[in-house]
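Enquirer: This is a predicted model, with the sequence first.
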Amino acid sequence: MIKGKKVVSQSFFPSLLLLVIFFAIMGVMNHGLTLSFVKSLILTNTPALCLAIGVTVTILVGGTDISLGSIVSLVNVVIITLAGLGYSITISALIGLLVAVICGVFNGIVIGIMRVNPLLTTFATSTIYAGIALWILPNPGGSIDYAFAKWYMGGLFGFIMTPVMLLILLVFIWAGAIRTPFGLKAYALGCNEKKAYASGINVNGIRVLVHTFAGLTAGVAGICLTATICSGSPTVGATMSLNSIAAAVIGGVSLNGGKGGIFGAILGAGFLSILSSIVVAANFSSYSQSFIKGLILLIGVIASILAGDKVLKDKIKGIFCKGGAKS
Amino acid sequence: MSQAKNNIMIETLKNSYTPAIVGSILLLIFGRVLSKGFLSINNISSILMMTSILTMASIAQAAVIISGDSGLDMSIGAIMSMTALFGPMIVLQSEGASVAVMVIAVIVMGGMVGLINGIGVQFLKVVPLVMTLIMSSVVNGFSIFITKGQPAVSVNDALLGISKQLVGPVRILSAIVIILLVLLEVFFLRKSNYGRSLFLVGNNTNAANLCGINSKWVIIFAYVFAGAIAGLAGLMLVGYAGTAQMNMASSYTMLSVAAVVIGGTKLTGGKGTFIGGALGALVLILIATILQALNMVAGLRSLIQGVILIAILMVNSRAPKLRQ
Amino acid sequence: MSLEIKNVSKHYGAVIAIKEANMVVNSGEVRAILGGNGSGKSTLAKVISGLVGSNSGEISFDGVPLDFSSPKDAKKHQVIMTSQELSLFKNLTVEENICICNLPTKNMMTNRKQMKERAKDILKRMQLESLMGKLVSELAPNQQYMVELAKAIVQEPRILIIDEITSALYREDVEIVDEIVSELKQKGCIILFISHRMAELYAMCDSVTIMRNGETVGTYPIMDKTEDEYLSLMIGSKIESYHGEGKHQEKSKRDIFMRANHIPIPSYHTYEMLEIGKGEIIGIAGLQGHGQTDLLQALYGGFGKINIELDGKKVTVKNAKEAVSHGFAYISGDRERDGTFSERNLTENLSAVQELVKHKKIPNAKKVLDELHVKYDNQNELITSLSGGNQQKIVVGRWLTASPRIIFADDPTKGIDVNARTDLHKEFAKIANNGNAVVMISSDDDELVSITSMVKTSKVIVMYEGHISAILEGNDINRENIFAAAMPINAIPEEKGAREDDKR
């Protein structure tokens, strides 16, 4: 009972609820869920989940990052181009990852050390990263050995798939990091920068680290995405940044910083993924799909924000308490 | 005497317009050095035209940013794209009359989207960044839904005329925008009770509320105003471009934010001007034009634009140091 | 072993905050720093603790020069500052906050067990063990200040600077602070104590340094001079203490101006009633956070619709806008949050109500500023370029131009200097004498005693736990009576018991 209450009071609860409900809806629509369907859902949506993690950590320290989608495009282009030049898949992928991390560090330096507003900085860097991607590969195309896709879809122990492992790896890195003093300090920074500085916290360092980690998640997302589509496109990640922010908000992460966690963001991104596949599966005319998706997104965000509203929560609690007393 | 002169110098340096003005002058000189045709009437007129449209977008953005409470309108591009699609669909017998109806229609359309934004931000308490982002995807979806993805709209001659006919030395479009800019700056933003309340609300919502100002509606109206102006900008864009496309104005969202910031407006609210945004727009358009004149590939152009933007931000909008 | 400050100066742009400050404090000494607003005492504290850099001068400890590049650096040398504005993170728990500056680790990970133990030790000493595990946002203001102190002490300071931390504490909290200070003192810690509360300074400190206009005027053993003498040193010229005891008009009949029978106090879920007479000044006293602010906010429409009787007519007030239209005014002591528009100039700040809400012109803004004795360069400068007291005068002036009928003031003179305070008192008295009314909260009982003696009809209401526990009139208005009503005997233990019941 107490445990149940604890889950309900968590900030990610609304997103969990949404995820479960829409998962059920999808189950009904597909007449039951097959394992292969769930697998393909995971395969296609891992990049979005990675980005949601990345953007969430930047929001937690009171910032944001809208350049992650462009980094994904860049990683995709880099991997495909290197593979086309004859480098092995592993090396191409690792260099792609390195590029992403460098992009993250650059964001971190401009935001943390130069102290420029995070939204504007990442807008500017997103033009830079997208520009580089477009410069390297002006038109979509190129291909990579199918072994890459095979590795991505393959299971390590028969069941666990590569994308799940990669996600778990990212979660582990972050979960480990917040258990060090860094974690509490990051949350403190998200609450109030001036107070954090006065408490002797290395504000700049934390910002750089956080954006570096966000770059890493974008790198992983880029690898996953490239393995899924097996070709290159300089604008493939363009719309991903905004969805990842929406996912974080649905997952109960406060855009003011200091509240929420990556677990909620993963749930939020999961909800958005299921939402997309439901809209596709529901046989709406292809023209109405993005409109309907947008409307549901709007409702989802409003619902999760209202659910996190303390005043409203108290009111609802009051109703329940009164009802309980009567019965 | 020299004291006074010094003071004037310091005042000029402190003026928030200075970076944008100096930037535009340098860019103009640079453009002239690169190619002789840069300062030709034709080129300048097309620069002015593009600047005019971005100026409209930046006026919309500035109103929302001034309203404070981390206000930001990410739906401006979507609203512009929408009205650029739907506006020209209005066809009446007389072309002039249909343009008049178009103007009213796009203002209403944009205003409606702004109203939803404002209600979402003020009553449903969704953070502006997220609310307007989502609205932008709703609006884009709506455009696709209505047009079935095929923007086959022909733009009537009266509307096309705004970018062709001359009024004195400049085209109609630029003339309208310049007049509108000055009128809005002086009579809307600075002199009107609404404009003054907007500054107070944006600066300190709590204190404004205690003074008896209804800050909720002041902020909501800022979004409505932004939507309406963006709607108008969309119509101007399609009149300039000649044909409508899906999402044709999506880049205007972040460009408008950048223009406002380069023009010296702080993102924290309670401060700012429309004219600054116009100067910022000029800087951005000059950069884009010069890069195009250099015949660069699209990717490199975007890369350089980004680098310049970052450089401007580093000079212009760094947060104060933690240690004074 | 001593802290030496030699010729330290600090300016922000053209504004000089400290001018050649000098001071020597020996180990084990508790030094009070006294000064009016803008006298530079807080800046000096920030310079010593590394939060801001000095422009010139030298600080040394044990003969070793201290030149910190950041608070982090200062903390390494165990120089700790605690202040009300710069400390706690509301999204973290009490123990996380206490240990955040120096988190214990085990294999790189945060050692939560050790962190809890550390926090528990210190909270036990402060008799606040019940706070363990709570989020800071759940704490009452006085508890937050105590946690702030705990956070400082856990860092084992060699130099501890306490900036205005005790101004929101209850009496028993202050006793605990007193104990902790004397403990630290025995260990040889240097303590710099910044406070406005003279009684505490006399009780805890050994010596006092007076600051005025950024300069250190002098250092004295604390018992050498009286309160009034120190005040006149701070101000620079001799002033009369403003105690008004025994000068009150006798209880008199009043014409009822406003009456509210059902005022909600949400913090305590209680209701109260209030009658305001014409020309009356009502002081509201009580320990902080006992419903005083709620009472004013409710009357101003802050908690939704409220029914009141105004001039015998029944009216409702739904929000601030309606309140203003009835001629109400609300002045808050928290200027930054509720008062000033920091990015706007003086005229704009002054005209907010009269021109934008009441839609009437202010004929002569300059005259208003001069009448209030505001010190300013020109009307187009930012309000933040003025000192705190002058800023508050403009906030008050904003309402005076709108000729209000009832002024609700929530600790309007908080943190402003004595001269500005007296000016505001005179303005309030003038308004009341013109047949209007003033309802004013103050955390300073002396201030209430004094201002209520300035008009013909007045009373002091004392609040306790959301109820009015006493209404004092005439010669009953004095410190003793107010204090007794603010903390009814035997009430405190009961209150604690009640709170614990709530938790279960």
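Expert: Cool, got the structure. Numbers count the residues shown, from 1 in each chain, chains lettered A, B, ... in the order given.
Enquirer: And the helices in chain B, which stretches?
Expert: B:2-14, B:18-34, B:41-66, B:76-86, B:95-122, B:128-147, B:157-161, B:172-183, B:193-203, B:205-210, B:215-241, B:252-262, B:274-293, B:298-316 (DSSP state H).
Enquirer: Mean pLDDT and mean neighbour count added to those, as a markdown table?
Expert: Quick note: C-beta positions are derived from backbone N, CA and C, even for glycine. Formatted as a markdown table, those follow (pLDDT from 0 to 100; neighbours: other CB atoms under 10 Å in any protein chain shown):
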| stretch | mean pLDDT | mean neighbour count |
| --- | --- | --- |
| helix B:2-14 | 57 | 9 |
| helix B:18-34 | 88 | 16 |
| helix B:41-66 | 92 | 25 |
| helix B:76-86 | 94 | 30 |
| helix B:95-122 | 93 | 20 |
| helix B:128-147 | 90 | 23 |
| helix B:157-161 | 82 | 17 |
| helix B:172-183 | 88 | 18 |
| helix B:193-203 | 94 | 22 |
| helix B:205-210 | 92 | 23 |
| helix B:215-241 | 94 | 26 |
| helix B:252-262 | 89 | 28 |
| helix B:274-293 | 91 | 24 |
| helix B:298-316 | 84 | 19 |
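Enquirer: Mind putting the ones you listed into JSON lines with distance to chain C?
Expert: As requested, the helices of chain B are exported to JSON lines (distance: least, CB to the nearest CB, whole Å):
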{"stretch": "helix B:2-14", "distance to chain C": "11"}
{"stretch": "helix B:18-34", "distance to chain C": "18"}
{"stretch": "helix B:41-66", "distance to chain C": "10"}
{"stretch": "helix B:76-86", "distance to chain C": "24"}
{"stretch": "helix B:95-122", "distance to chain C": "14"}
{"stretch": "helix B:128-147", "distance to chain C": "19"}
{"stretch": "helix B:157-161", "distance to chain C": "39"}
{"stretch": "helix B:172-183", "distance to chain C": "21"}
{"stretch": "helix B:193-203", "distance to chain C": "4"}
{"stretch": "helix B:205-210", "distance to chain C": "5"}
{"stretch": "helix B:215-241", "distance to chain C": "10"}
{"stretch": "helix B:252-262", "distance to chain C": "16"}
{"stretch": "helix B:274-293", "distance to chain C": "14"}
{"stretch": "helix B:298-316", "distance to chain C": "17"}
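Enquirer: right, so of those helices, which gets closest to residue C:208?
Expert: With CB to CB as the criterion, residue C:208 lies closest to helix B:205-210 of the helices of chain B, at 36.0 Å.
Enquirer: packing partners for that closest one?
Expert: Packing partners of helix B:205-210 (3 or more CB pairs under 8 Å, 6 or more residues apart in numbering or on different chains; DSSP states H and E): helix B:193-203, helix B:215-241.
Enquirer: now those helices as TSV including distance to chain A?
Expert: Listed next are the helices and strands packed on helix B:205-210 as TSV, based on distance: least, CB to the nearest CB, whole Å:
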stretch	distance to chain A
helix B:193-203	17
helix B:215-241	15
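Enquirer: Make JSON lines out of those and add distance to residue B:88.
Expert: What follows is the helices and strands packed on helix B:205-210, written out as JSON lines (distance: least, CB to CB, whole Å):
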{"stretch": "helix B:193-203", "distance to residue B:88": "31"}
{"stretch": "helix B:215-241", "distance to residue B:88": "6"}
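Enquirer: Would you mind listing the buried residues in stretch C:302-317?
Expert: Of the residues in stretch C:302-317, C:302, C:306, C:308, C:310, C:317 count as buried by neighbour count, 16 or more other CB atoms under 10 Å in any protein chain shown.
Enquirer: okay, it in PDB with CA atoms only?
Expert: Taking Å, rounded to 0.1, in the frame of the first residue of the first chain, the C-alpha atoms of stretch C:302-317 are listed here in PDB:
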ATOM      1  CA  GLY C 302      -5.300  37.100  -2.700                       C
ATOM      2  CA  PHE C 303      -7.200  33.900  -1.800                       C
ATOM      3  CA  GLY C 304     -10.200  34.500  -4.000                       C
ATOM      4  CA  LYS C 305     -13.500  36.100  -3.200                       C
ATOM      5  CA  ILE C 306     -14.000  37.700   0.100                       C
ATOM      6  CA  ASN C 307     -17.000  39.600   1.500                       C
ATOM      7  CA  ILE C 308     -16.400  42.800   3.300                       C
ATOM      8  CA  GLU C 309     -18.300  45.800   4.500                       C
ATOM      9  CA  LEU C 310     -16.800  49.100   3.300                       C
ATOM     10  CA  ASP C 311     -18.400  52.300   4.500                       C
ATOM     11  CA  GLY C 312     -21.400  50.300   5.600                       C
ATOM     12  CA  LYS C 313     -21.900  48.900   2.100                       C
ATOM     13  CA  LYS C 314     -21.400  45.200   1.300                       C
ATOM     14  CA  VAL C 315     -18.800  44.600  -1.300                       C
ATOM     15  CA  THR C 316     -16.800  41.700  -2.500                       C
ATOM     16  CA  VAL C 317     -13.100  41.600  -3.500                       C
END
